[in-house]
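Novice: Here is my input, please return the structure:
(one chain, ligands or ions: 1)
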Amino acid sequence: MLSGSPNTLVRVQDLYKSFVRGNEEIQVLKKLTLEVARGEFLALMGPSGSGKTTLLNLIAGLDQPTGGSITVDGEVISEMSESQLARWRTRNVGFVFQFYYLLPVLTAYENVELPLLLLPMSKEQRRKQVLTALDLVGLSSRLTHRPGMLSGGQQQRVGIARAMVTDPALIVADEPTGDLDSKSADEILKLMQILCEQVNKTIIMVTHDPHAAEKSQRTLHLDKGRLVEDDDRTRAYMRETPPKTNQEVFT
Ligand SMILES: Nc1ncnc2c1ncn2[C@@H]1O[C@H](COP(=O)(O)OP(=O)(O)OP(=O)(O)O)[C@@H](O)[C@H]1O
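Specialist: From the prediction side, this is the model:
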């Protein structure tokens, strides 16, 4: 049963997702229900093929469920058309990928600026947001560096700045430390903790790495498309976390 707490950012109710492959229908997610609080750092773990990326993509509005509903920040995204979803994603979700997906010919500044080019905004405001985002991830001194001139950890910082630059309430990260050495991975995880704790971002991270999951506030485990654990920490977190409001990072 869902609490309907005002502190909930993401509410997933009775979610089903299946794919058709040839003559076969594959049920990937089966009656999944969960909530994610505003400002929470949540890890999703589970064996390969258990449906983690499928769930992340649905919550981020990259795909539509077969059944059930998904509400993010009060908007029922599971009822949106593809074009509505695309518009919603641009403003409300930041994406962080395992292999960064930075454009090699652009500088760090230009890579971070890209999502803002899709939004109506003055050049001056755009500049302010790009500089703030790069400052938040500690890369103010690398504005003109291209990805090839940066370490893996620094490239992922640029990836996080790009995810942050539109000031989305929700950031989804699919194996964000999967390609990093343990020291760089720790720095990225620390940065994600800070984004949740200090600027109230909500991060959902898919990971295979228990060490990475440990750095989150809560871990949910998927197995064959079902949640196998919604532990006491979940209920305690929802009950005890005081309501938070959206915090504007860029003014
Ligand atoms: N577009 C698609 N078409 C058909 N089947 C798909 C599609 N996307 C995912 N699947 C299937 O759904 C199941 C779950 O995939 P998903 O990528 O969500 O798992 P995962 O837990 O993220 O796995 P991994 O840890 O290996 O990334 C798999 O059996 C996969 O083959």
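Novice: which residues in the chain form strands?
Specialist: Taking DSSP state E as the test, the strands found in the chain are 8-21, 24-37, 41-45, 67-72, 75-76, 93-96, 170-174, 202-206, 218-223, 226-229.
Novice: what's next to the first one, contact-wise?
Specialist: By that I understand strand 8-21. Strand 8-21 is contacted by residues 2, 4, 25-40, 51, 54-55, 58-59, 63, 65-73, 169-170, 202, 204, 225, 238 when judged by Cβ atoms under 8 Å, 6 or more residues apart in numbering. (C-beta placed from N, C-alpha, C; glycine too.)
Novice: For Gly74, give its distance to the ligand.
Specialist: Distance check for Gly74 against the ligand: by Cβ to the nearest ligand atom, to the nearest Å, it reads 26 Å.
Novice: of all the strands of the chain, which lies closest to Arg162?
Specialist: Of all the strands of the chain, the one in closest proximity to Arg162, counting by Cβ to Cβ, is strand 93-96 (7.5 Å).
Novice: How far does that closest one sit from its chain's centre?
Specialist: Here the centre of strand 93-96 is set off from its chain's centre by 5 Å, with Cα atoms, centre = their mean, to the nearest Å.
Novice: And for that strand, what's in contact with it?
Specialist: Outside of strand 93-96, the residues that reach it under the criterion Cβ under 8 Å, 6+ apart are 60-61, 115, 156, 159-160, 162-166, 168, 170-174, 176.
Novice: repeat that with 6 Å
Specialist: Defining contact as Cβ atoms under 6 Å, 6 or more residues apart in numbering, one finds that strand 93-96 is touched by 60, 159-160, 163-164, 168, 170-173, 176.
Novice: So in that sheet, which strands flank that strand, and in what orientation?
Specialist: Strand 93-96 has these partner strands in its sheet, going by DSSP bridges: strand 170-174 (parallel).
Novice: correct me, but His145 touches Ala108?
Specialist: Yes - the pair His145 / Ala108 is scored as a contact, 5.3 Å apart, by Cβ atoms under 6 Å.
Novice: more neighbours, those two?
Specialist: Ranked by neighbour count (other Cβ atoms under 10 Å), His145 and Ala108 place Ala108 first, with 28 against 16.
Novice: need the contact list for that one.
Specialist: With Cβ under 6 Å, 6+ apart, Ala108 has these contacts: 142-143, 145, 158.
Novice: Type out the ChimeraX command that picks the buried ones from these.
Specialist: A single ChimeraX command is used to select the members of the contacts of Ala108 judged buried by 16 or more other Cβ atoms under 10 Å:
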select :142,145,158
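Novice: Export the contacts of Ala108 as TSV, with columns for distance to the ligand and pLDDT.
Specialist: TSV is the format used below for the contacts of Ala108 (distance: Cβ to the nearest ligand atom, whole Å; pLDDT from 0 to 100):
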residue	distance to the ligand	pLDDT
Arg142	31	97
Leu143	34	98
His145	31	98
Val158	23	98
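Novice: Pull the most distant pair out of the contacts of Ala108.
Specialist: So, those by Cβ to Cβ: farthest apart are Leu143 and Val158, at 10.1 Å.
Novice: Please spell out the ChimeraX selection for the buried subset of the contacts of strand 8-21.
Specialist: Buried residues among the contacts of strand 8-21 (16+ other Cβ under 10 Å), as a ChimeraX selection:
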select :28,29,30,32,34,35,36,37,38,39,40,51,54,55,58,59,63,65,68,70,71,72,73,169,170,202,204,225,238
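Novice: now the residue most central in space within the chain, which residues is it bridged with?
Specialist: Computing the C-alpha centroid of the chain and ranking residues by Cα atoms, centre = their mean puts Val172 first, at 1.3 Å. With DSSP bridges applied, Val172 shows beta-bridge pairing to Phe95, Ile204.
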